[in-house]
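Asker: What shape does this take:
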Amino acid sequence: MNCFSISMDFIQVVVGLATLIMVIVGYKSVAKPSPKRDLKCRRFVLQDIPENLQGKDFRRTALLIDADNINSKFMKTIMNNISQMGDVAVVYKCLYGVSERQGGWNNTAKEYGVVQKYLTNYVKGKNTTDFSIVIDCMDLLGYDIDVFVLCSSDSDFSSIAKRIREDGKMVVGMGQERTPDVFRNSCNLFFQMEDRDVSLDDLKTVLEKLVAYYGNRPSYEKIKNLITQRFALSVMGFQSFDAVLKSLGYHVTKAGCITKQSEMKDSA
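Answerer: Next up, the predicted model:
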């Protein structure tokens, strides 16, 4: 009887110790911080690192575009601005909007390999696009992302820009001239994208038509004003309107007329 009692006491001690060990181990497993998530997680479509950057000190970049107020014509400018930031690998490119036809983004997104997320506003007055961008930004903070590029002219993104910076990440904003200062100042760096045309082919066509329209009449100042209002000459690499004329083979006469160089040779 005594042996049986001693055996039961021994078993209770062993069970108690085992329970205590299980509790300690369980606590440690709960308290242990979760490892950083793999970039290949299915939550996002992330791109591979380009071969030319492998082995280099580069920054992983996430590009999030608000299609509700950024037109597809700025995509080339967006990528050019990113290229000015040094060695960066854009591992996440996503477009957010409420319509596939909005801003002419469908073909442009496919051309540049941008994932498209088109959403539905279930409640009138609630901006689903903004909410989706903010949620994805918060999720991406758990990944190995160094730079967040937010393309929008909307002041609503100022709060998420500040939140991202609190985590030690860099925020680059890109928007048009109407972008409020509160969003500009919330970013580490802000690129203003011109509302004007940046197509050289369009510039050639418009200039040719204007020169033909005015003919031999003094037109230099009028054509200059029309061209500089429509086209972002500095973005296109021209220092001045005169540089445009010289590059495209035009000449200004003493009377203030603009003519083609070839026409002057023919008349001579």
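
Asker: Every contact and neighbour count from this point should use C-alpha atoms.
Answerer: OK.

Asker: can you pull out the helices in the chain?
Answerer: 2-31, 75-83, 105-111, 128-140, 158-166, 181-186, 200-214, 220-230, 241-247, 261-267 (DSSP state H).

Asker: What residues of stretch 72-84 count as buried?
Answerer: Neighbour-count burial for stretch 72-84 flags Ser72, Lys73, Phe74, Met75, Thr77, Ile78, Asn81, Ile82 (criterion: 16 or more other CA atoms under 10 Å).

Asker: cool, stretch 200-212 as well?
Answerer: Result for stretch 200-212 [16+ other CA under 10 Å]: buried residues Leu203, Val206, Leu207, Leu210, Val211.

Asker: Repeat that for stretch 147-164.
Answerer: For stretch 147-164, using 16+ other CA under 10 Å, the buried residues are 147-154, 157-158, 160-164.

Asker: Closest one of those residues to Arg178?
Answerer: Closest approach to Arg178 among these (CA to CA): Ser153, at 6.6 Å.

Asker: Isn't the closest one up against Thr179?
Answerer: Yes - using CA atoms under 8 Å, Ser153 makes contact with Thr179 at a distance of 4.4 Å.

Asker: just to revisit the earlier point, so which of the buried residues of stretch 147-164 comes closest to Ala89?
Answerer: Closest approach to Ala89 among these (CA to CA): Val147, at 9.6 Å.

Asker: Surely the closest one and Gly173 touch.
Answerer: No - between Val147 and Gly173 there is no contact under CA under 8 Å: 10.6 Å.

Asker: Excluding chain neighbours, what is closest to Ile70?
Answerer: Spatial nearest neighbour of Ile70, excluding adjacent residues (CA to CA, 6 or more residues apart in numbering): Ser152 at 6.1 Å.

Asker: pLDDT below threshold where in this protein?
Answerer: Along the chain, segments meeting pLDDT under 70 span 1-57, 100-103, 122-126, 195-198, 262-268.

Asker: Provide a list of residues in contact with Pro218.
Answerer: Taking CA atoms under 8 Å, 6 or more residues apart in numbering, we find Pro218 in contact with Ala255, Gly256, Cys257, Ile258.

Asker: From Phe241, how far out is the last one?
Answerer: If you measure Ile258 against Phe241 using CA to CA, to the nearest Å, the figure is 12 Å.

Asker: who has more neighbours, the two?
Answerer: Ile258 (25 against 17; other CA atoms under 10 Å).

Asker: any idea how far the more buried one is from Phe238?
Answerer: With CA to CA as the criterion, Ile258 and Phe238 are 18 Å apart.

Asker: got it, and Lys162?
Answerer: As judged by CA to CA, Lys162 and Phe238 stand 36 Å apart.

Asker: Output stretch 212-223 as CSV - backbone C-alpha positions only.
Answerer: Provided in CSV are the C-alpha atoms of stretch 212-223 (Å, rounded to 0.1, in the frame of the first residue of the first chain):
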residue,chain,number,x,y,z
ALA,A,212,2.0,76.4,-91.9
TYR,A,213,-1.0,78.3,-90.5
TYR,A,214,0.8,81.6,-89.8
GLY,A,215,2.9,81.4,-93.0
ASN,A,216,4.8,84.6,-93.7
ARG,A,217,3.1,86.5,-90.9
PRO,A,218,5.2,87.4,-87.7
SER,A,219,4.4,84.5,-85.4
TYR,A,220,7.4,83.8,-83.2
GLU,A,221,5.9,84.9,-79.9
LYS,A,222,2.5,83.4,-80.6
ILE,A,223,3.8,80.0,-81.6
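
Asker: Which positions in stretch 108-121 come out as buried?
Answerer: Neighbour-count burial for stretch 108-121 [16+ other CA under 10 Å]: Thr108, Ala109, Val114, Val115, Gln116, Lys117.

Asker: hmm, who's touching that stretch?
Answerer: Under CA under 8 Å, 6+ apart, the answer for stretch 108-121 is 45, 72, 75, 93-100, 127-129.
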